[in-house]
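Visitor: All I have is the shape, not the residue letters:
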Ligand code: NAP
C-alpha cells in the first residue's frame, strides 16, 4: 500500500548509500522526494532515477548541511516546489577516524559540523513549516557507536551520541505542534562508509553480530519508513536500533 502518497519528504545525503535507500523506500510508498547532497551531479541523477522508477515528483538539490544558510535554502526550496514538507530525514554524515592522540581539532570540528549541527539547522528550518501545518516527522540517522562508543571514532561517536540528545530534546519541544522526532541507530551497514574495512576487521565485526551479517541500507530504510507512517504516530523521542543485535 502506498501509505505515503501526498506526503513530501526531504532526505539529506541521499545520492548513495543509506540516504538513497531511504529515498527509494519513501518514493516506493508514494512520497514526493526532495533529495539533497553535497555532490551536485550525484544528487541530480538520484532524483531523476527515482522519479522515473516510482512516478513521483523528485528534486535534487546540492548543499552543505554544515552551513545554516544552505539548510534554510534547501528547506525553503522544498516548500516552494512541493508546497509543504511532511518528513525530514537527517541522514548526511561523515567520518574522519583516528586515535585520539592523532586526531586534529579540525577532524573533530568537521564531523560535529556535518553530523550534529547539520540536523540542528535542518530541523530548525523544517520545524518553521511543520509547526504551521501542525504535523510532521523528523528522523535522525544516529549510530550504534553513539550508544556504545568506538575506539578511533571519538569525533564520530560524540556526534552520533549528541544526535540522540538532540532527538530527545526536539521531540519534547516539537510535540506540542504534533511533530514527532525519532532516531534510527544503525549498526554496521554495507555502504561506502564500511567498504574500506579490511576483510579481517569485517570478519571480526560479523563474529560479534548475533544475526551474523552486516546490515543492508534497506534494513535502515524500512525502520525509517515505519517512523514516517501512521502506525508510529504515538512514538516520539525514541532511538530504534537496526544493528543485528550487536548492541543490546
Ligand atoms: P555514505 O555512503 O558516505 O553517504 C553519505 C552521503 O552524505 C554522501 O552522499 C555524502 O556525499 C553526503 N554528505 C557528506 N557530507 C555532506 C554535507 N556536508 N552536506 C550534505 N551531504 C553530505 O554514508 P552511509 O554509510 O550511507 O551513511 C549514511 C548515514 O548513516 C550517516 O549519517 C552515517 O553516519 C550513518 N551510519 C552509517 C553506518 C554504516 O555502517 N554505513 C552505520 C551507522 C550510521 P559525498 O559522498 O560526496 O561526501
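Guide: All right, it came through fine. Quantities reported herein were computed from a predicted structural model and do not represent experimental measurements.

Visitor: quick one: the longest helix anywhere in the chain to chain centroid distance?
Guide: Across the chain, the helix with the greatest residue count (assigned by DSSP state H) is helix 154-174. Averaging C-alpha positions (C-alpha atoms, centre = their mean, to the nearest Å) puts helix 154-174 12 Å from its chain's average.

Visitor: again, but for stretch 129-148
Guide: Taking the mean C-alpha point of stretch 129-148 and that of its whole chain, the gap between them comes to 8 Å (C-alpha atoms, centre = their mean).

Visitor: I'd like the average pLDDT over that stretch.
Guide: In this model, stretch 129-148 carries a mean pLDDT of 98.

Visitor: interface residues of the protein facing the ligand?
Guide: On the criterion C-beta under 6 Å from any ligand atom, the ligand has as its neighbours in the chain the residues 12-13, 15-19, 37-39, 64-66, 91-94, 114, 141, 143, 186, 188-189, 191-194. Any C-beta I mention is one placed from the backbone N, CA and C, and that applies to glycine too.

Visitor: Which residue would you name as the spatial centre of the protein?
Guide: With distances taken as C-alpha atoms, centre = their mean, residue 91 lies nearest the centre of the chain, 2.1 Å away.

Visitor: so what's the closest residue to that residue other than its chain neighbours up against?
Guide: On the basis of C-beta to C-beta, 6 or more residues apart in numbering, the spatially nearest residue to residue 91 that is not a chain neighbour turns out to be residue 19, at 4.1 Å. Neighbour list for residue 19: 11-13, 35, 37, 89, 91-92 [criterion: C-beta atoms under 8 Å, 6 or more residues apart in numbering].

Visitor: Following element in sequence after the longest strand anywhere in the chain, please.
Guide: The single longest strand within the chain, with elements called by DSSP state E, is strand 179-186. Scanning forward in sequence from strand 179-186, with DSSP states H and E defining helices and strands, the next element found is helix 192-195.

Visitor: For this structure, list the residue farthest from the centre, please.
Guide: Farthest-out residue of the chain from its mean C-alpha position, per C-alpha atoms, centre = their mean: residue 101, at 29.4 Å.

Visitor: hmm, back to that, so what's the residue nearest to the centre of the chain up against?
Guide: The neighbours of residue 91, taking C-beta under 8 Å, 6+ apart as the test, are 11-14, 18-19, 22, 141.

Visitor: and of the residues you listed, the nearest to the ligand?
Guide: residue 13 (2.7 Å; C-beta to the nearest ligand atom).

Visitor: that older thread, whichever of the residues of the chain next to the ligand end up buried, select them in PyMOL.
Guide: Selection command for PyMOL covering only the buried members of these, criterion 16 or more other C-beta atoms under 10 Å:
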select buried, resi 12+13+15+16+17+18+19+37+38+64+65+66+91+92+93+94+114+141+143+186+188+189+191+193+194
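
Visitor: Show me the residues of the chain next to the ligand that map onto strands.
Guide: 12, 37, 141, 186.

Visitor: in this protein, which spans are helices?
Guide: Assigned by DSSP H, the chain shows helices spanning 17-28, 40-54, 68-82, 105-112, 118-133, 145-148, 154-174, 192-195, 199-206, 217-227.

Visitor: How much space separates the residue farthest from the centre of the chain from residue 158?
Guide: In this view, residue 101 and residue 158 are 16 Å apart by C-beta to C-beta, to the nearest Å.

Visitor: Residue 204 now?
Guide: In this structure, residue 204 and residue 158 are separated by 24 Å, where distance is defined by C-beta to C-beta.

Visitor: All set, thanks.
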